[in-house]
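A.B. asks: Compute the structure for the input listed below.
(chains A and B)
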There are 2 protein chains.
Amino acid sequence: MPSKPNILFIMADQLRADYLGCNGHPTIKTPTIDELATKGINFTRAYTQAPVCGPSRMSFYTGRYASSHGATYNNVPLKLSEKTIGDYLRPQGYRVGLVGKTHMKKDAEGMARLGIDPESSRGVLVSQCGFEPFERDDGLHPDQSVSPDLAYNCYLREQGYLGDNPWHEYANSGQDENGDVQSGWYMRNSHLSARVKEEHSETAYTTNRAIDFIRETKDEPWCLHLSYIKPHWPYIAPAPYHNMYSADDVLACNATTAEKDNLHPVIEAFMTHHESVNFSRQEVRENVIPVYMGLITQLDTHLKRLFDYLKEIGEYDNTVVVFTADHGDYLGDHWLGEKELFHEASARIPMIIHDPRSTAESTRGVNDDRLIEAIDLLPTFLDISGAEPCSHILEGRSLIPVINGQSDKTKWRRYAISEADYAWREARNELALAPDQTRAVMITDERWKYIHYEHFRPQLFDLKNDPQEQIDLAEKESHRDVCVEMEAALYDWYRHRKIRTTVSNETVAQQTGKAHSRGYLFGLW
Amino acid sequence: MPSKPNILFIMADQLRADYLGCNGHPTIKTPTIDELATKGINFTRAYTQAPVCGPSRMSFYTGRYASSHGATYNNVPLKLSEKTIGDYLRPQGYRVGLVGKTHMKKDAEGMARLGIDPESSRGVLVSQCGFEPFERDDGLHPDQSVSPDLAYNCYLREQGYLGDNPWHEYANSGQDENGDVQSGWYMRNSHLSARVKEEHSETAYTTNRAIDFIRETKDEPWCLHLSYIKPHWPYIAPAPYHNMYSADDVLACNATTAEKDNLHPVIEAFMTHHESVNFSRQEVRENVIPVYMGLITQLDTHLKRLFDYLKEIGEYDNTVVVFTADHGDYLGDHWLGEKELFHEASARIPMIIHDPRSTAESTRGVNDDRLIEAIDLLPTFLDISGAEPCSHILEGRSLIPVINGQSDKTKWRRYAISEADYAWREARNELALAPDQTRAVMITDERWKYIHYEHFRPQLFDLKNDPQEQIDLAEKESHRDVCVEMEAALYDWYRHRKIRTTVSNETVAQQTGKAHSRGYLFGLW
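C.D. replies: Residues are numbered from 1 along each chain as shown, chains lettered A, B, ... in the order given. Reported below is the predicted structural model:
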């Protein structure tokens, strides 16, 4: 076995933690992922740093909280000073590639100011979170903005799906009983099978490209970010996954009328969004959720194909596999659709890691419920690669000691954090807030989940006695002490963001008290 | 008068706010600065964002708190994503130049990562806080690290002061009564006249270079950062300023034995530093402070020469003049030397602004005691230049409405902030802290000054009833509510650092709720 394992960093988009067999879903079929959990470690309380694609991913790729990297929402350019995964792993000899989605927005203004040509190899890397963009595809290609170079469209045309935007016309469309083409953008059409053969669908294609990347990478360890577009909307699946599940598989909606009493203003504003109004209708849920599940099972099937390929070429036992998601999906729970807020449906993510090395034997098949954050992955990868931990920049913790059964749970972090910035959403107008008044932050410990909203009252849920998060306790006198404690913990967290990122702690330690020895003789008589 | 006034941004180094005639010093002679205050507005409660050169200056130049720009101590490289003064003013047609000190440390690692040649024009600008380095001189040139290209040394050699490092041998050395050369690094030698003629001293030379910059700038407005090295240590002055003041001019030390009761651990640790031990001796104060005062008077004299030059060429009435400092100097007060901590001697700075335009008539000669922060200058300069306010990045407030008499004091900011990171100081070892455990932050309002130290108890002073800051009230039950309020205000401040700096609030507002119109049809039935 070579000294450095490969890293296969798989992300599903908008995949709820509880929509996996291994995480308790009663009818979904995810045998490959379930087996991965059996062979590896399954973290059952992992949280995204922000329940929306862009900022979540920027936290995964930088190893830093949204408040630290600053890209707090989709399409907020990541600052050029933020180092990303490739900056750390490439110097360790890794080929660091991307297949799929990142939601990275390049800092074009910063690049212009610093004279970085976006077409240069460095320009490409800083535009792609440090990944070599073997195949970047963010998965959403409306006719009005689809790139003429979209590789998946070129691929589809080669398969005979012609037109300006076969992604939309075929992969994102279905055909109704009258033979009319219907858009996958609309959830009323989710039950239709997509107009591509399964083997030409996005999930299949993305997997093919991952295999291409692995096949052509020789003589060097690799880190591949395999970032699937699904089960994110548009919710439409190719046969046979489009009707593999039925309304019978749709779990009861976690929404009660009691929740609507004394509604929190931010929740109330989000409930006015189209996705919330629609997902609050059982008709919508029954048309969409079976397809959401089908997309997950499809993904699972292609993961089997990928893992089989790795086994075939003898690399499976030399590859650490991570399976996670950027955030969840409300799917109507709490009368909400989409994500962005902090209920478990939205903020909790799957996090399964299979480390094939013998050091990980003691945790195989373990469900570990300690608090994990998305930012823990990058330090884990650094640990695997042999890189310095860069503790002056990275805000997460390596999971390798946990995987190796050498981490005392009582000494693990006490709180996990997730952040929101809903400035771009209609809710902001609804609430009459300025664009810089829309921040919210969740803090959770073993039992409590507390959410601080700027300009509004907080929320508090008791995850132990109310795992469905139905009862907001923040205004109860009985829970005042808990709120005070959680606010204190949040304040502490804010004070400890890593801001001095251009000098390592080791360098500081070496320089401490050394000014005189460098000739700066101040304070001497 | 051209439409855009010049900006003369003068900074003295380590100049206490109270060591000016206009700010109440009983014997110091600063007629030029006093006159500037008479013609302009004198902000009597201005605070540095960090009482140490580097981070203070990075806050001045970026318009952001140290917690936001991240260069929390001397020689912490400023991240390349931080825009600086030149980035804002140059596009407005300004020539933006530097004469003197910045204490900027370039982010060499970041430049290497992003492929920016440090020798290129862009590389130079990002290495120099965005200033065209017309003459950069940080003022401290020990033999072991003096640059062979130091312009001031070349100048001195031209004047006949020969040797490897005439800065040290002449400008920073004196001759004792035996004719022996003595080093200006040692405070026991402060009373000796420097071995350069006054007109060849650093303050004179720096002023000459400012005049050179102004002389050669035609046809465009300019912003000149004239950044004097003095009265910062080494405390040594050329004749006649070396003995213009005597022990009689040395004010009573603001240090009492009562202060040593129940000493705060951080203060106590700083009291072990050489500068504190030495400045606690009256012999040292009497040898140094008269020279400190002489250096200030010398600076004042050269400002007169500069202002006369501006008048002579007809530019004085077209130039906004700012006079400030990066931080103060304990000079033995509170048993401390140097700066870094938050007593008024260290954290308060002079801030005088003369705006020659008629719009400023109503505030001429006014002493304004509202809370001003160093970061207010950059928004002020943007306002003068006609640039967009960039409120998504800049954390200060333009002072132009105040200067124009149009700012309601009751609606001004309620709190001012200053920060410290003493990781590099011996105090850290003394306190057995890791390099990332050394942050402290001061918050002050009209009356109270509260200091939060990580890992130690806070301090609280009543500036109204105890302007000498002798009585720490933080542990008094009677002042518990004040402490709670100040902590709440600090928590609020932390939550409002500007982190989403790559998208303007105006852009956010334009994009809010527009995803559907761009073709991203999520949540629709």
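A.B. asks: only C-alpha atoms for contact and neighbour calcs from this point on.
C.D. replies: Will do.
A.B. asks: Which phi and psi values does the spatially most central residue of chain A adopt?
C.D. replies: Geometric centre of chain A, nearest residue: residue A:326, 1.2 Å, by Cα atoms, centre = their mean. Main-chain torsions, residue A:326, degrees, to the nearest 10: phi -80, psi -30.
A.B. asks: what's the answer for residue A:97, then?
C.D. replies: According to degrees, to the nearest 10, residue A:97 has phi -120, psi 160.
A.B. asks: pretty sure it contacts residue A:131?
C.D. replies: Yes. If you go by Cα atoms under 8 Å, residue A:97 and residue A:131 touch, sitting 5.0 Å apart.
A.B. asks: circling back: ok, the residue nearest to the centre of chain A - contacts?
C.D. replies: A:11-15, A:48, A:51-53, A:56-57, A:349 (Cα atoms under 8 Å, 6 or more residues apart in numbering or on different chains).
A.B. asks: With residue A:159 instead?
C.D. replies: So residue A:159 contacts residue A:200 (Cα under 8 Å, 6+ apart).
A.B. asks: What's the separation between it and residue A:166?
C.D. replies: Taking Cα to Cα, to the nearest Å as the measure, residue A:159 falls 10 Å from residue A:166.
A.B. asks: same thing with residue A:433?
C.D. replies: 40 Å.
A.B. asks: what does the stretch 201-350 of chain A put close to chain B?
C.D. replies: Taking Cα under 8 Å from any Cα of the partner chain as the contact definition, the stretch 201-350 of chain A meets chain B at A:233-234, A:274-276, A:278-279, A:284, A:337-338.
A.B. asks: If we use 6 Å, what do you get?
C.D. replies: Proximity of the stretch 201-350 of chain A to chain B, by Cα under 6 Å from any Cα of the partner chain, involves residues A:274-275.
A.B. asks: Tell me which stretches of the stretch 201-350 of chain A form helices.
C.D. replies: Taking DSSP state H, counting those that start in this stretch, the helices of the stretch 201-350 of chain A run over residues A:202-216, A:265-271, A:274-279, A:282-312, A:344-347.
A.B. asks: Return the residues of chain A in contact with chain B.
C.D. replies: A:70, A:77, A:80-81, A:142, A:185-188, A:274-275, A:424-426, A:435, A:491, A:499-500, A:502, A:505, A:512-513, A:519, A:521, A:523-525.
A.B. asks: Just the buried ones from these, in ChimeraX syntax?
C.D. replies: ChimeraX command restricting the residues of chain A next to chain B to the buried ones, with burial defined by 16 or more other Cα atoms under 10 Å in any protein chain shown:
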select /A:70,77,80,81,142,185,186,187,188,274,275,424,425,426,435,491,499,500,502,505,512,513,521,523,524,525
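A.B. asks: Mark which of the residues of chain A next to chain B are part of helices, please.
C.D. replies: Among those, the members falling in helices (DSSP state H) are A:274-275, A:426, A:491, A:505.
A.B. asks: Mind listing residues that contact the helix or strand of chain A with the lowest mean pLDDT?
C.D. replies: The helix or strand of chain A with the lowest confidence, counting by mean pLDDT, DSSP states H and E, is helix A:121-127 at a mean of 92. The contact list for helix A:121-127 (Cα atoms under 6 Å, 6 or more residues apart in numbering or on different chains) reads A:106, A:116-118, A:131.
A.B. asks: ok, 7 Å please
C.D. replies: A:80, A:105-106, A:116-118, A:131-132, B:114 (Cα atoms under 7 Å, 6 or more residues apart in numbering or on different chains).
A.B. asks: Over to stretch A:139-151?
C.D. replies: A:101, A:165, A:229, B:519-520.
A.B. asks: May I have the distance across it, first residue to last?
C.D. replies: 11 Å.
A.B. asks: ok, now stretch A:417-428?
C.D. replies: 22 Å.
A.B. asks: can you tell me the average pLDDT over it?
C.D. replies: Averaging pLDDT along stretch A:417-428 yields 98.
A.B. asks: What of stretch A:265-280?
C.D. replies: 98.
A.B. asks: what about dumping the CA coordinates of that stretch to CSV?
C.D. replies: What follows is stretch A:265-280 as a C-alpha-only set of coordinates in CSV (Å, rounded to 0.1, in the frame of the first residue of the first chain):
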residue,chain,number,x,y,z
PRO,A,265,-41.3,36.0,12.6
VAL,A,266,-38.5,34.6,10.5
ILE,A,267,-40.1,31.2,10.3
GLU,A,268,-43.4,32.9,9.4
ALA,A,269,-41.7,34.9,6.7
PHE,A,270,-40.1,31.7,5.2
MET,A,271,-43.5,30.1,5.3
THR,A,272,-44.7,32.6,2.7
HIS,A,273,-42.1,31.4,0.2
HIS,A,274,-43.4,29.3,-2.7
GLU,A,275,-41.6,26.2,-1.7
SER,A,276,-43.1,26.4,1.8
VAL,A,277,-46.6,27.0,0.6
ASN,A,278,-46.3,24.1,-1.9
PHE,A,279,-44.5,21.6,0.3
SER,A,280,-47.2,22.2,2.9
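A.B. asks: Name the residues of that stretch that come out as buried.
C.D. replies: Of the residues in stretch A:265-280, those buried by neighbour count under the rule 16+ other Cα under 10 Å are A:265-266, A:268-280.
A.B. asks: who are the neighbours in contact with the residue of the stretch 351-500 of chain A found nearest chain B?
C.D. replies: Closest contact between the stretch 351-500 of chain A and chain B, by Cα to the nearest Cα, is at residue A:424 (4.1 Å). Contacts for residue A:424 (Cα under 7 Å, 6+ apart) come out as B:508, B:511-513.
A.B. asks: need the contact list for the nearest residue to residue A:274 once chain neighbours are set aside.
C.D. replies: The shortest distance from residue A:274 to any non-neighbouring residue, by Cα to Cα, 6 or more residues apart in numbering or on different chains, is to residue B:523 (5.3 Å). Counting by Cα under 7 Å, 6+ apart, residue B:523 makes contact with A:274-275, A:278.
A.B. asks: Okay, helices next: where are they in the stretch 1-150 of chain A?
C.D. replies: So, for the stretch 1-150 of chain A - with DSSP H, counting those that start in this stretch - the helices run A:31-39, A:53-62, A:66-69, A:85-89, A:108-114, A:121-127.
A.B. asks: can you list contacts of the second one?
C.D. replies: Which is helix A:53-62. A:48-50, A:65-66, A:71-75, A:82-85, A:102-104, A:129, A:326, A:374-375, A:377-378.
A.B. asks: Same check on the first one?
C.D. replies: Contacting residues not belonging to helix A:31-39 are listed as A:21-22, A:300-301, A:303-304, A:352, A:354, A:364-365 [Cα under 7 Å, 6+ apart].
A.B. asks: redo that, cut-off 8 Å
C.D. replies: A:20-22, A:300-301, A:303-304, A:323, A:352-354, A:364-366.
A.B. asks: among the residues you listed, which two are most distant?
C.D. replies: A:301 and A:366 (23.0 Å; Cα to Cα).
A.B. asks: one step back: quick one, which of the helices of the stretch 1-150 of chain A gets closest to residue B:216.
C.D. replies: Closest among these, once you apply Cα to Cα, is helix A:108-114, at 26.3 Å.
A.B. asks: Report the mean confidence score over that closest one.
C.D. replies: 96.
A.B. asks: picking that back up, name the member of the contacts of residue B:523 with the shortest distance to residue A:452.
C.D. replies: Nearest member of the contacts of residue B:523 to residue A:452, counting by Cα to Cα, is residue A:275, at 23.7 Å.
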